[in-house]
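**Q** Need a 3D model of the following:
(3 chains)
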Amino acid sequence: MARLTRDFFDRDTVTAARELLGKYLLRRTEEGLMAGRITETEAYVGRMDKACHAYGYKRTARTETLFAQPGTAYLYLIYGMYHCLNFVTEPEGQPSAVLLRGLEPAEGAEQMARNRFGYGLFQMTAYQKKNFLNGPGKICQALDLTRAQNGLDLTVSQELFLWDAGERPDAIHTGKRIGIDYAEEAVEFPWRFWL
DNA sequence: TTCAGGATGTACT
DNA sequence: GTACATCCTGAAC
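**A** Residues are numbered from 1 along each chain as shown, chains lettered A, B, ... in the order given. Sure, this is the predicted structure:
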C-alpha cells in the first residue's frame, strides 16, 4: 500500500511493464480524483528496439523526455488527435518507457465518461462501456492527459502518480505489441502484457 | 463481429 | 511530403 517510487522504474523495462499490471494510476484534476487499475502495458527500449521513438538513442525534441530520469511521464500526440501516456524506465540516459494500453475504472468513472463522451455513465451504450479504457488514446482522453503533462515527475506529482494497493495479479498474458508494423524484427518481440 | 476508410496535426526526412 | 505506439463510424456478414 504505497506510492511507486523511483526504484520501481529504475530497472529493466520489460520487467517494469509486467510489474505495472494490477497497480493503480491516479489522476487529480480540478474536477476531482480519477483512478484505474492497470490491465495492459507494452515495453519500449530505445537501445535496440526499432519500435521505440528513441531507437538507437535518437535524440529529438519529442524523444528528449525518454532520456529523463526513471519515473517521468512521457506523453506525445499521435495521429493528430490522440495522446499516449508512458512511464519512463531504466537509468537516466537510457531512453525506455512503458506504454499504458489498458485500464479498469476504479474511481471517478463518471468524470472519465464525461471527458470521453461528453455525458455520464448512465447514457453510455453497451458498446461504449465495453470499450471504455481499452486503448492508449482512450485513457488519455478519459483522464484529461495531453502534452501538458509531458515530463511530469510521477514520484512527486500530486496530479499524476502510481499506487501499489498490494494486489497480486494471478494470470499475466504475453504477446506482440500493437500498431508497430514498421518496426521490422521488433514486431515479434513479446513485450505486450495484459491481465 | 469484422473490416475499410477517414479524421487531424505534428515531427521528422 | 510522409508517416504515425489511434479511434470511430458505417456497412457487410
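**Q** Return the residues of chain A in contact with DNA strand B.
**A** Contact residues, chain A versus DNA strand B (CB under 7 Å from any atom of the strand): A:His53, A:Lys58, A:Thr60, A:Ala61, A:Arg62, A:Thr63, A:Leu77, A:Ile78, A:Tyr79, A:Gly80, A:Met81. The way it works is simple: take the backbone N, C-alpha and C, and place the C-beta from them, glycine included.
**Q** rerun at 10 Å
**A** Residues of chain A lying close to DNA strand B (CB under 10 Å from any atom of the strand) are A:53-54, A:58-64, A:66, A:76-82, A:126-127, A:130-131, A:137, A:147, A:150.
**Q** Just the element for the residue nearest to the spatial centre of chain A, please.
**A** Taking CA atoms, centre = their mean, the centroid of chain A lies closest to A:Leu100, which sits 2.4 Å from it. Using DSSP states H and E, A:Leu100 sits within strand A:96-107.
**Q** ok, which stretches of chain A are helices?
**A** Ranges of helices in chain A, per DSSP state H, are A:6-9, A:13-19, A:109-117, A:126-130, A:136-142.
**Q** Mean neighbour count for the ones you listed - can I get that in TSV?
**A** Formatted as TSV, the helices of chain A follow (neighbours: other CB atoms under 10 Å):
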stretch	mean neighbour count
helix A:6-9	18
helix A:13-19	21
helix A:109-117	19
helix A:126-130	10
helix A:136-142	21
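**Q** Tell me which of these sits nearest to DNA strand C.
**A** Minimum separation from DNA strand C across the helices of chain A (CB to the nearest atom of the strand) falls at helix A:136-142, 2.9 Å.
**Q** How many residues are close by the residue lying closest to A:Ala171 once chain neighbours are set aside?
**A** The spatially closest residue to A:Ala171, leaving aside those adjacent along the chain, is A:Leu195, at 7.0 Å (CB to CB, 6 or more residues apart in numbering). Number of residues near A:Leu195 (other CB atoms under 10 Å) recorded here: 16.
**Q** what do you get for A:Gly32?
**A** Using other CB under 10 Å, A:Gly32 has 11 neighbouring residues.
**Q** which residues does it bridge with?
**A** A:Thr29 (DSSP bridges).
**Q** again with the one 5 residues further on
**A** For A:Arg37, the residues forming beta bridges with it (DSSP bridges) are A:Tyr24, A:Glu104.
**Q** Contacts only, for the closest residue to A:Thr63 other than its chain neighbours.
**A** For A:Thr63, ignoring the flanking residues on the chain, the nearest one in space by CB to CB, 6+ apart is A:Ala54 at 4.1 Å. Contacts for A:Ala54 (CB atoms under 8 Å, 6 or more residues apart in numbering) come out as A:Gly46, A:Thr63, A:Leu66, A:Phe67, A:Pro95.
**Q** ok so, going back, can you redo the helices of chain A as TSV with mean pLDDT?
**A** Converted to TSV, the helices of chain A look like this (pLDDT from 0 to 100):
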stretch	mean pLDDT
helix A:6-9	98
helix A:13-19	98
helix A:109-117	97
helix A:126-130	96
helix A:136-142	98
